[in-house]
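Enquirer: Sharing a model that was predicted from the sequence below.
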Amino acid sequence: MKKKFLYFGIALAIVLGVIYCPFKFTYIVYATGKVFPTYEWVLGRTYDGRITETIKNNQLGVISSYAGKEFQRGDVFDFYINPEINNKQFVERGETIGILNSTELMRQINQLKGEREVEKALLKVYSTGQKIQTIKEAETNLTLAKERFSIQDKLISRQADLFKDSLISPQQYDIAKNEYELSKINLTLAEAQLKTLSTGEKPEQIKFIIEKIENLTKQIASLESRKEALQIKAPFAGLIQRKKGGLSSVEVLANIVDTASYIIVTPVRIKEFKNLANGQKCVLKLFNSDCEMEATVCHIDNAIQIIGGKQAIYVTAKIDKKCPGVYPGIFAQTNLHCGQHTIIEYSKLLFQSLFYR
């Protein structure tokens, strides 16, 4: 009888010890996650020829910035990746990644610059009151300018036919067009100089010419700004990733990932959903290293996915402390610390984790 009371007392002490145990245990969810950059910049080309720039926020899973460059109908343009970055792994913020050349834009700039040179030459004559050359010399220059223009006019006609038949490249055609425009400008300049030497102009024309030069300069500056905007620059410093193939309807030309901040995205079984919360800490262990990283849960997706035939949700954690040599795309074991629990609560969670499907 005494032994029964003894055994009962021991059992009761154990039960009470378990219920009122002051110690708490950390419940940990074990899974495998993949490292991503917080921000990612993609330079692409759509199948209709537009050049696009996209900045993706992987932490929120949204496109935070989008820009596209579209040209006027009939405009000939070419795009190429800056060859200086071909052998680089990292680029700095503001470094040129790609360059777009617009034939129409270059034509407009050259035309305005030619008109400005004509006006500057006229201003020089009006301002000094002296003839910059004799009428005979001006006539000779005009004759030469007409001959050059006639030659270029015939050449550009031939080059246009060859370009239509795809027998010459757009670059060769652009060079021929620029030479034609230059000969046309020189002809206009020669005619204006001969007219000035032959007839003379009134002094009040000086103010008008100065205003015209200033106006042309402003137009040129505006077009030069547009030309500068066609140079595609890195929005942030980061790692260049060489991606091949296409992304949906966009061909990926260049991809830069921000190395300043990383996240890890981990699929977790749906049965652990109620144990997860933003702000929970994670310990990340690389499979090929003893180095451990620390992370904080920042987003829990509520969309259920089917992974390996089982229901799961994606948990995103921001990496607070990363190991050297960690790059986007690497996998790591993710240990999610889901809070402190009493021994009864811990046992219940462990039982559900092992046997609940």
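Expert: Received, thanks. Numbers count the residues shown, from 1 in each chain.
Enquirer: Now the helix or strand that residue 147 is a member of: buried residues?
Expert: In this structure, residue 147 sits in helix 135-164 according to DSSP states H and E. Buried residues in helix 135-164, counted by 16 or more other Cβ atoms under 10 Å: 138, 141-142, 145, 148-149, 152, 156, 159, 163. For glycine as for every other residue, the C-beta is placed from the backbone atoms N, C-alpha and C.
Enquirer: Sketch out the helices for this protein, chain order is fine.
Expert: With DSSP state H as the criterion, the chain has helices at 2-19, 103-128, 135-164, 170-199, 205-229, 343-355.
Enquirer: Of these, which is nearest residue 27?
Expert: helix 343-355 (5.1 Å; Cβ to Cβ).
Enquirer: Before we move on, what's the pLDDT of the closest residue to residue 98 other than its chain neighbours?
Expert: Once flanking residues are discounted, residue 98 sits nearest to residue 232: 4.2 Å by Cβ to Cβ, 6 or more residues apart in numbering. Note for residue 232: predicted pLDDT of 86.
Enquirer: Run through the stretch 251-357 of the chain and note the low-pLDDT ranges.
Expert: Within the stretch 251-357 of the chain, the stretches with pLDDT under 70 are 339-357.
Enquirer: To what extent is residue 192 buried, counted in neighbours?
Expert: Other residues near residue 192 come to 17 when the count uses other Cβ atoms under 10 Å.
Enquirer: what residues are up against it?
Expert: 118, 121-122 (Cβ atoms under 8 Å, 6 or more residues apart in numbering).
Enquirer: Roughly how far does the residue nearest to residue 162 when sequence neighbours are not counted sit from residue 176?
Expert: With Cβ to Cβ, 6+ apart as the criterion, residue 162 has its nearest non-adjacent residue at 4.7 Å, and that residue is residue 168. Taking Cβ to Cβ, to the nearest Å as the measure, residue 168 falls 8 Å from residue 176.
Enquirer: Who has more neighbours out of the two?
Expert: When neighbours are counted by other Cβ under 10 Å, residue 176 comes out ahead of the other of residue 168 and residue 176, with 20 against 17.
Enquirer: The helices of the chain: which one's closest to residue 262?
Expert: Once those are compared by Cβ to Cβ, helix 343-355 is nearest, at 28.1 Å.
Enquirer: what about residue 38, distance to residue 178?
Expert: 45 Å.
Enquirer: Looking at these two, which is more packed in?
Expert: residue 38 (21 against 15).
Enquirer: confidence score at that one?
Expert: Residue 38 is given a pLDDT of 90.
Enquirer: Check the one 4 residues further on too.
Expert: In this model, residue 42 is scored at 90, pLDDT.
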